[in-house]
Every structure is written in C-alpha cells, then in structure tokens.
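**Student:** Quick one: sequence plus predicted model below, questions after.
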Amino acid sequence: MNELLKLYKDKKTVFNFDDLKTIFAISNNQVLKNKIHYLKTKNILSSPTRWIYILQDKELNKFELANKIYSPSYISFFSALYHHSIIFQYQDDVYLAYKKTDEKQILDFSIKLKNLKKTILLNPDWIINNWYYSIASPERAFLDTIYLFWDIHFDNISNIKLEEVIRLLPIYHNKALEKKAKSYFIK
C-alpha cells in the first residue's frame with residue numbers, strides 16, 4: 001500500500017474525492033469509492049461530511065476542514081483575529097466569511113458561516129492562501145469583524161497596520177465603516 005504512505009506524508013489533513021483520486025492514481029470512480037469504503041472500514045479514513053475525508057490518526061486542521069467544506073470562503077472574524085493575536089480569547093468554533101449565514105456542527109466544533117457581499121467575499125486582497133486554507137490578514141479580519149459586528153473590543157491592535165486598513169477600506173464601500181475603523185487608532 002505505497003499510496004497509503006503518500007497519504008500520510010501529505011501535509012494536508014483533509015482530502016476530497018479528487019485529492020484521493022490523485023494520490024491513489026485511480027481514474028475509475030467506482031474503484032476509488034470501493035477503496036475509500038475499505039479504508040473507512042479499517043478506521044484509516046473517516047468522513048465528517050459527504051465527499052470529505054480525514055485520516056483517523058492524523059491531527060486535524062479545523063481551518064483546512066472548514067475551507068474544504070465551504071468554498072469559496074476564507075477564515076475570518078474571531079478565528080482569524082485570534083490566529084493573528086488581536087484577540088486573546090480562544091473559541092473552538094471556526095468563523096468563515098461565506099456567501100450566506102449559517103452554522104454547522106461538525107465533529108467537536110461548529111463552523112460559523114457569516115454572509116459577506118459577493119464583492120467583498122470574492123476580493124482576494126489581504127487574503128493569505130497557504131495551500132491548505134485561506135485566512136484573512138489581520139487588517140482584513142479586523143475590517144470584516146467591524147463590518148458585521150460593529151462594536152467590538154480588540155485586545156491588541158498593534159498587529160494591525162493602519163495604512164493597510166486604509167488601503168483595504170474601499171472594497172467595503174461603507175463610509176461609516178471607514179470612520180469606525182479609524183476611530184480604533186485615534187486616541
């Protein structure tokens with residue numbers, strides 16, 4: 001089972017059907033479905049949701065799982081703010097910028113989808129893509145959070161560059177947001 005070694009060596013923690021097709025070099029969908037079923041019965045793979053697979057004994061990256069299930073999306077709001085040390089209170093939930101608002105319980109955490117207008121959601125500015133998941137930069141997460149939640153306390157805005165915030169503001173087309181964002185930096 002040389003392909004299993006490839007699967008374990010892969011840096012990904014979450015795979016979709018096409019990922020497994022490539023890793024196992026199987027072009028026949030039915031053959032691949034049978035292989036996946038076999039690996040699930042042997043507790044090597046599990047499927048937290050349809051067409052998404054994780055290795056049972058490999059540490060799961062929640063951000064990667066959330067991004068793989070919901071596309072197009074990116075990690076933002078409280079998840080990205082904590083990741084960038086802008087807020088200090090950890091939340092188990094994963095917050096995603098997405099095309100609709102919803103919540104899905106998966107494994108031992110919730111994925112909280114927050115609706116952003118298409119012009120904001122699909123704008124790639126200040127979105128960091130590390131090949132496993134996409135996450136908002138500190139400035140983008142800051143603006144996304146104010147945009148949706150308005151009155152928020154941030155523990156440490158020293159990781160946010162005001163000049164980057166100012167350059168990013170035009171994608172939101174919101175004068176009130178511009179004024180509110182700048183107010184955090186004026187003391």
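**Tutor:** Nice, I can see it.
**Student:** by contact count, what packs against the lowest-mean-pLDDT helix or strand in the chain?
**Tutor:** Least confident helix or strand, the chain: helix 2-9 with a mean of 81, by mean pLDDT, DSSP states H and E. For helix 2-9, the contact count by 3 or more Cβ pairs under 8 Å, 6 or more residues apart in numbering; DSSP states H and E identifies helix 17-24 as packing neighbours. C-betas here are computed from N, CA, C, even on glycine.
**Student:** mind listing the helices for this protein?
**Tutor:** 2-9, 17-24, 29-41, 62-69, 77-83, 118-121, 138-149, 162-168, 175-183 (DSSP state H).
**Student:** Ok, which of these comes nearest residue 48?
**Tutor:** helix 62-69 (6.9 Å; Cβ to Cβ).
**Student:** Work out the gap between the closest one and the centre of the chain.
**Tutor:** Counting by Cα atoms, centre = their mean, to the nearest Å, helix 62-69 is centred 5 Å from the centre of its parent chain.
**Student:** which helices and strands sit right next to that helix?
**Tutor:** strand 14-16, strand 52-55, strand 74-75, strand 94-98, strand 102-106, strand 109-115.
**Student:** just to revisit the earlier point, would you list the helices of the chain in a markdown table and tack on distance to residue 156 and mean neighbour count?
**Tutor:** As requested, those are exported to a markdown table (distance: least, Cβ to Cβ, whole Å; neighbours: other Cβ atoms under 10 Å):
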| stretch | distance to residue 156 | mean neighbour count |
| --- | --- | --- |
| helix 2-9 | 37 | 12 |
| helix 17-24 | 36 | 16 |
| helix 29-41 | 43 | 13 |
| helix 62-69 | 21 | 22 |
| helix 77-83 | 9 | 23 |
| helix 118-121 | 24 | 14 |
| helix 138-149 | 10 | 23 |
| helix 162-168 | 14 | 15 |
| helix 175-183 | 16 | 13 |
